[in-house]
Each structure stands twice: as structure tokens, then as C-alpha cells.
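Undergrad: Have a look at this fold, sequence not included:
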């Protein structure tokens, strides 16, 4: 009787193991797809053109070429005339006047209610409509965009994707599949703490070189912290909350709020811009600025 029970147990274990191995084999053989992201992108992405069927070695993957392929892949998301799309792309032009990378930047809209933004190689940034609704002023929004620019300018995106591809031992693949991989990778993975610190610092220094109030960096963290507290109930549907797995939000908020406060104490005569009305109307500061949106150091000390 004991031998029979042992034999049946072996059969069950072997059958279960075979099923798991078969299931895993099917998963690994499936080709890359953007189907799970159609909902948040707002529209399906059609078949890639011939340029994206080009077979490319990972070792020779150039970031500018990669970025152009990403733009081609998501060209249907180009939406001139959409106020959010036009507004974000006007802002990104103004924010990248100091860029070092040899390509222009593009911002695409994602149809997602939760606040989120992420960068891809080659100067491509995705922003959800939820982020535009969560932030309250242009100087907060530019802080978030500057953070994403920092990830690109510091090569965090390209280095991370190349490392992941090499780790998976994918030596050569079509450019289209590499584009899909980059999109899925960046929506599911986060940067390490050092990279986040570098992107934060880049954003803060960039904002100091603009007309915007540096207090917007800490304030942006505060808005996102208020939207998604650690034990809160608001959760993204298909992608994680912005900064969800990043270093502690409250520490970053305190750090950059204090730095902005010290900066104002050292520059009491300076004037900086907030832009609440600009964000509401989707009109950039460069296009129109409002007198009541300017603040001075002496106002902050009073």
C-alpha cells in the first residue's frame, strides 16, 4: 500500500513538473507585443514599416537611431491640435535648450488616470493625462519633465536597456522588437537609487537655469505623495504609480523643499515663476506669463 501511494505521488509530481515546464516554454516562445498597453496608449499601434524590420546588433545600437525608431513605432500618437500634446511638446523644447544628446525630444500622451511619466532612449517621454490633472502649476510639471530629461541625458535609459538585453543574451533582433522591448521594460522596471538621485539633481539644477520657482521640485513630490500615500487606495490600472518604487517620496520632498528655501534666502531680490494659470489653460510661460504668477524672495521671507 505504501509503495502504491509513493508511486502515485511520483506520478502527480512528475505530471505537475511537466505541465509547469510546458507552460514556461510557451511563455518564452511568445513574441513581444504591446497589446496590454493599447488601453493606456489610447489607440492600437499598427504594423511596423520596413525600417523597423531591420535586423540590428545590440552592440551597435545607437541611441539616436533607437529614438527615431521609437518615434516611428508610436507615430500614430502624434496628435497636433490636442492641447495637452501641444502644451507638453512646447514645454520640452524650452527645457532642452541645454541638452547634450544629439537628438530632439518628443512627449507622448498616455490615456491613464493615474499620475505617471517615464523616459525612453533617444529623447522620448511618455506622460499620462493623470499627471497633468494631479499637478497644479507649470513649475511643478517642468520639474517632473526635467527629471525624465535627466534620465535620458545621464544615459540611464539606454544603459539599462542595453544591459538588460545583453543579460538576456539577445545579440541581434529586429529594430521593431527592440522598440517594443524598451517600452515594456521602462513601464515595468525602476531605476536604482543612485540614478534617481542623479535625475533629481539634474532636474533641480535645470530648473535653477530657467525662470521657474525651484520650489516646484519639492512641490511636485508633494502632489504625487498626496495622490498615492503608501497605504492609499488609488492605484494605477496597468502601470505603477509615478515614483512608486523610487526612493522615499517624503525624503525627496523635504530635501528639495529645503534647498529651494535656502536658495530663496540667498536670492531675496530674484523673481521666479509658478504658472498655475498656464497649466490650467495649457499655455506655456514662453507664450504668455501672468503678473500674479511671479514671486520674489522678499515675498517668501515676509
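TA: Cool, got the structure. Here the structure is a predicted model, which is why all the values come from computation and not from measurement.
Undergrad: beta partners for the residue most central in space within the chain?
TA: Centroid-nearest residue in the chain, with Cα atoms, centre = their mean: residue 118, separated by 0.6 Å. As for beta bridges, residue 118 partners with residue 126 under DSSP bridges.
Undergrad: give the contact list for it.
TA: 125-126, 148, 186-187 (Cβ atoms under 8 Å, 6 or more residues apart in numbering). Placement of C-beta: from N, CA and C, glycine included.
Undergrad: and which of those residues is nearest to residue 92?
TA: Of all the contacts of residue 118, the one sitting nearest residue 92 is residue 125; the distance, using Cβ to Cβ, is 7.0 Å.
Undergrad: what's the neighbour count on that closest one?
TA: 22 (other Cβ atoms under 10 Å).
Undergrad: wait, isn't it in contact with residue 150?
TA: No - if you go by Cβ atoms under 8 Å, residue 125 and residue 150 don't touch, sitting 11.1 Å apart.
Undergrad: Confidence-wise, which of the contacts of residue 118 comes last?
TA: On pLDDT alone, residue 187 ranks lowest of these, at 80.
Undergrad: What strand or helix carries residue 107?
TA: Using DSSP states H and E, residue 107 falls within strand 106-110.
Undergrad: Partner strands of that strand and their direction?
TA: strand 124-128 (parallel).
Undergrad: Give me the contact list for the partner strand.
TA: By Cβ under 8 Å, 6+ apart, strand 124-128 touches 40, 67, 70-71, 74, 88, 92, 105-120, 144-145, 148-149, 152.
Undergrad: for the contacts of residue 118, which one is nearest residue 168?
TA: residue 186 (15.4 Å).
Undergrad: Report the contact partners of that closest one.
TA: Contact analysis of residue 186 by Cβ under 8 Å, 6+ apart lists 118-120, 157, 161.
Undergrad: which among those gets closest to residue 58?
TA: For the contacts of residue 186, the nearest to residue 58 is residue 161 (9.3 Å; Cβ to Cβ).
Undergrad: lowest confidence element among the helices and strands of the chain?
TA: helix 2-29 (a mean of 53; mean pLDDT, DSSP states H and E).
Undergrad: quick one: pLDDT of residue 84?
TA: The model's pLDDT for residue 84 equals 97.
Undergrad: do the one 5 residues further on as well
TA: Per-residue confidence (pLDDT) for residue 89: 98.
Undergrad: Then residue 45?
TA: So, for residue 45, pLDDT stands at 67.
Undergrad: Start the count at 19 instead of 1 going forward.
TA: All set: I'll call the first residue 19, so the last point we hit is now residue 63.
Undergrad: Give me the neighbour count for residue 72.
TA: For residue 72, the count of nearby residues is 12 (other Cβ under 10 Å).
Undergrad: List the backbone torsions phi and psi for it.
TA: With angles defined as degrees, to the nearest 10, residue 72 sits at phi -60, psi 130.
Undergrad: Surely it is in contact with residue 192?
TA: Yes - with contact defined as Cβ under 8 Å, residue 72 reaches residue 192; the gap is 6.6 Å.
Undergrad: any idea how far residue 149 is from residue 242?
TA: The gap separating residue 149 from residue 242 is 8 Å, by Cβ to Cβ, to the nearest Å.
Undergrad: which of these two has more neighbours?
TA: Applying other Cβ under 10 Å to residue 149 and residue 242 shows that residue 149 carries more neighbours, namely 28 against 25.
Undergrad: who touches that one in this structure?
TA: Residues near residue 149 by Cβ under 8 Å, 6+ apart: 133-135, 159, 162, 260.
Undergrad: Start and end of stretch 303-310, how far apart?
TA: Using Cα to Cα, to the nearest Å, the end-to-end distance of stretch 303-310 comes to 13 Å.
Undergrad: what does that stretch contact?
TA: By Cβ under 8 Å, 6+ apart, the residues outside stretch 303-310 that reach it are 108, 112, 156, 229-230, 291, 293, 295-296.
Undergrad: So residue 277 versus residue 139, what's the distance?
TA: For residue 277, the distance to residue 139 - Cβ to Cβ - is 29 Å.
Undergrad: where does the stretch 169-318 of the chain have low pLDDT?
TA: Within the stretch 169-318 of the chain, the stretches with pLDDT under 70 are 187-190, 246-265, 316-318.
Undergrad: Over to the residue nearest to residue 108 when sequence neighbours are not counted. Which of the three states is it?
TA: In this structure, residue 108 finds its nearest non-sequential neighbour in residue 302, 4.8 Å apart by Cβ to Cβ, 6 or more residues apart in numbering. Three-state assignment for residue 302 (DSSP: H, G, I helix; E, B strand; the rest coil): coil.
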